[in-house]
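> Provide a 3D model corresponding to the input given below.
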Amino acid sequence: MKYMLMIYGNEVEYNQNMTEADQQAEMAAYYAFGSVAGERVAASEALHEVKTAKTIRVRDGKTISTDGPFAETKEQLGGFYVLDCKDLDEAIELAAQIPGAKLGSIEIRPCVVFG
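Reported below is the predicted structural model:
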C-alpha cells in the first residue's frame with residue numbers, strides 16, 4: 001500500500017533559529033532516512049517556501065489566484081515522501097524516523113488505488 005507522508009514545519013523557526021551547520025546536519029539526516037526507507041520510496045520532494053506558493057480556485061467559471069497556501073497555520077508543508085509500505089504500522093514507524101518529526105509533524109495519508 002502506498003502512503004503519502006507530508007512533512008510540516010515552521011519555516012520561520014527553521015530559517016531564523018537554525019545555524020547553517022544545523023541545517024546541514026538536518027539534510028544529512030534526511031539523506032540517512034532515504035537510505036533507511038530504501039526501495040519503499042516511490043517519490044519524494046522538498047518544496048520551496050510558502051511565499052512562492054499560489055492557491056487556485058475556480059468560481060463561476062473564473063480562475064482566481066491568490067498568494068500563499070489556503071490556510072493560515074503555524075506549520076507549512078515543506079516536502080513529502082510517497083512510500084510503498086506493507087501496512088499503516090510500517091508507515092508510522094518510518095514517519096517517526098523523518099527528521100521533520102522532531103520539531104514539526106508528519107501527516108500520513110493512504111493513497112487511493114483506482115481500478
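
> I'd guessed residue 30 sits against residue 99; true?
Yes: between residue 30 and residue 99 a contact is recorded at 5.6 Å, counting by CB atoms under 8 Å. No exception for glycine: its C-beta is placed from N, CA and C like everyone else's.

> Settle it for me: which of these two has more neighbours?
Per other CB atoms under 10 Å, whichever of residue 30 and residue 99 has more neighbours is residue 99, with 19 against 16.

> Now the residue lying closest to the more buried one once chain neighbours are set aside, what are its backbone angles?
Nearest residue to residue 99, sequence neighbours excluded (CB to CB, 6 or more residues apart in numbering): residue 29, at 4.1 Å. Backbone torsions of residue 29, given as degrees, to the nearest 10, read phi -70, psi -40.

> ok, now the one 10 residues further on?
The phi/psi pair for residue 39 (degrees, to the nearest 10) reads phi -70, psi -10.
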